[in-house]
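1. This is the structure alone, sequence omitted:
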């Protein structure tokens, strides 16, 4: 069974930040700056956690996984925003 997670990160170093961004992009959809939505089965979650754990500095960086429940059968995804409107990012994003 696949579960949807928000994967959010705060990485202090630009080189590690780019690596974390690319790694998360291999597993999910980029929503906003350091936030990805990932539909993962248990093995994929472990794979992503392992990959990120090897990139980050555990004394300076943080990655959190927010479980949103099963990926199937929960109805339409609704994202609302305050301030600037949420816009689905279809174009690739580049972190410089």
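-> Received the coordinates, thanks. In this text the structure is predicted, and so the values were computed from the model without any measurement. Numbering: from 1, shown residues only.

2. partner residues bridging the spatially most central residue of the chain?
-> What sits nearest the mean C-alpha location of the chain, by CA atoms, centre = their mean, is residue 36, with 2.7 Å. The partner list for residue 36 in beta bridges (DSSP bridges) reads residue 7, residue 30.

3. mind starting the numbering at 97 from now?
-> I'll keep to 97 as the first residue from here, and by that count the last item is residue 132.

4. Correct me if wrong: it contacts residue 119.
-> No: contact status for residue 132 versus residue 119: not in contact, 9.6 Å apart, counting by CB atoms under 8 Å. Backbone N, C-alpha and C define where each C-beta goes, glycine included.

5. Tell me where this protein has helices.
-> 110-121, 138-151 (DSSP state H).

6. Summarise which helices and strands the longest one is packed against.
-> This means helix 138-151. strand 99-106, helix 110-121, strand 131-136, strand 158-166 (3 or more CB pairs under 8 Å, 6 or more residues apart in numbering; DSSP states H and E).

7. And for the shortest one?
-> Applying 3+ CB pairs under 8 Å, 6+ apart, we find helix 110-121 packed against strand 99-106, strand 131-136, helix 138-151.

8. where in this structure is pLDDT low?
-> In the predicted model, the chain carries pLDDT under 70 at residues 170-171, 179, 184-192.

9. residues near residue 131, how many?
-> 15 (other CB atoms under 10 Å).

10. likewise residue 150?
-> 9.

11. Residue 133 versus that one, what's the distance?
-> 22 Å (CB to CB, to the nearest Å).

12. Please apply the same query to residue 166.
-> Distance from residue 166 to residue 133, counting by CB to CB: 14 Å.

13. ditto for residue 178
-> To residue 133, residue 178 is 19 Å away according to CB to CB.

14. okay, those two: which has more neighbours?
-> Ranked by neighbour count (other CB under 10 Å), residue 178 and residue 133 place residue 133 first, with 20 against 6.

15. Now do the same contact list for that one.
-> For residue 133, the contact set (CB atoms under 8 Å, 6 or more residues apart in numbering) comprises 100, 101, 102, 103, 124, 125, 127.

16. Skip the chain neighbours and tell me the closest residue to it.
-> The shortest distance from residue 133 to any non-neighbouring residue, by CB to CB, 6 or more residues apart in numbering, is to residue 125 (4.9 Å).
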